[in-house]
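A.B. asks: How does the following fold in three dimensions:
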Amino acid sequence: MMGNQPSGTRQGGKVSALQASAIALLLAAIAAAAVFFTGVWPPKEEPVAIEQAAVIEAPEPEITVPEPAPTPAPAEPDPEPPLAPTEPPLPPLDQSDDAVRSAMAEVAMGTMGEQYLIPANIVERSASLVYLMAQGDVPYKLIPLARPKQAFPITDDGTQVVADPAGFSRYDALASWLESLDLEALVASLELFLPLLREAWSYYGEDGEAFDFALLMTLDLIISTPELDLSEARLIRKEAVWIYEDPTIEGLAAIQKQVLRMGPNNAATVKARAAEARALWIEALSRAS
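C.D. replies: Next up, the predicted model:
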């Protein structure tokens, strides 16, 4: 037997309006309690405002025109250095004798040197002198040196013929003259007239500057003369002249045999002076190049 059910209860699985109201109040109370105790408020949805990015126009750069630099005053030109004194121009080759004599007037040339300057064509004769001596010849016709008047002295002991040492003295005057020469002043004069000497040299069909080395060859021939005492060298007769039996001596250049015939002392003087002249000539060529 079923008893009576109180009013407001669930009947047949349905919720009454009173029950639904009670449930809604209960849920609201629970939510309020959660907010109170946690402090978390539900997010408030707000419309998103889309702002247009502001376009910032960069200011135009300010152009600064530099002021023109002041024009410097024109610099005063440096004063030109004083011109170095120059040598007077050389005369033509065929008119150079007086100029040569004037330049050599201050050079102590001795009697032999002064005699050399008397005939004409001094430069041409000097070039010819060097040309022949460079080939080993002794140009007696071009130099103011007369051959010794005394005959070539010999000594014949019956077994051999040799040169007589007394004959060496015939060349003492020549050796003394060479010792007295101011070679530095003499070479300086040659340097002054070097262009004319080269011109005269070119008449031989060679380059003019070959004169420079021909003079060196001449001096080298004299310097390289062997040191021999001809008083011990045997002589043999060949036709009308005496020649040296030793082919080494006879094969020397004529200018070298002439140096030997002056005797050991005079030959040493000639070779020493030639060595001094060679050194001075090389210095002159270095200046002329």
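A.B. asks: ok, for Tyr244, nearest residue in space, not its chain neighbours?
C.D. replies: Glu250 (4.4 Å; C-beta to C-beta, 6 or more residues apart in numbering). C-beta here means a position set from N, CA and C on the backbone, and glycine is covered the same way.
A.B. asks: and the one you found, what does it touch?
C.D. replies: Each residue near Glu250 by C-beta atoms under 8 Å, 6 or more residues apart in numbering is listed here: Ile243, Tyr244, Lys257.
A.B. asks: go again using 10 Å as the cut-off
C.D. replies: Ala233, Leu235, Ile236, Lys238, Ile243, Tyr244, Lys257 (C-beta atoms under 10 Å, 6 or more residues apart in numbering).
A.B. asks: Run a quick check on the first one versus Asp164, I expect a contact.
C.D. replies: In other words, Ala233. No: Ala233 is beyond contact range of Asp164, at 12.0 Å (criterion: C-beta atoms under 10 Å).
A.B. asks: and Gly158, how many neighbours?
C.D. replies: The number of residues packed near Gly158 is 5, by other C-beta atoms under 10 Å.
A.B. asks: Put the alpha carbons of stretch 253-266 into CSV.
C.D. replies: Taking Å, rounded to 0.1, in the frame of the first residue of the first chain, the C-alpha atoms of stretch 253-266 are listed here in CSV:
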residue,chain,number,x,y,z
ALA,A,253,155.4,45.0,-78.5
ALA,A,254,157.8,47.7,-79.9
ILE,A,255,156.8,50.1,-77.2
GLN,A,256,157.6,47.6,-74.5
LYS,A,257,161.0,46.8,-75.9
GLN,A,258,161.6,50.5,-76.0
VAL,A,259,160.8,50.8,-72.3
LEU,A,260,163.2,47.9,-71.6
ARG,A,261,166.0,49.6,-73.6
MET,A,262,165.8,52.5,-71.2
GLY,A,263,167.3,50.3,-68.4
PRO,A,264,165.7,49.0,-65.3
ASN,A,265,165.7,52.3,-63.3
ASN,A,266,164.2,54.4,-66.1
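A.B. asks: avg pLDDT for that stretch?
C.D. replies: Stretch 253-266 shows a mean pLDDT of 94.
A.B. asks: Could you list the buried residues of it?
C.D. replies: Buried residues in stretch 253-266, counting neighbours by 16 or more other C-beta atoms under 10 Å, are found at Ala253, Ile255, Gln256, Lys257, Gln258, Val259, Leu260, Arg261, Met262, Gly263, Asn266.
A.B. asks: Give me the more crowded residue out of Ala233 and Asp164.
C.D. replies: Ala233 (18 against 14).
A.B. asks: Who are the contact partners of that one?
C.D. replies: Gln160, Val161, Val162, Ala163, Tyr244, Glu245, Asp246, Thr248, Ile249, Glu250, Leu260.
A.B. asks: remind me which residues of the stretch 1-150 of the chain are low pLDDT?
C.D. replies: 1-87, 144-149 (pLDDT under 70).
A.B. asks: Just the helices from this structure, written as ranges.
C.D. replies: Using DSSP state H, the helices of the chain run over residues 17-38, 97-104, 110-116, 122-134, 172-180, 183-192, 194-201, 210-223, 247-250, 254-261, 264-288.
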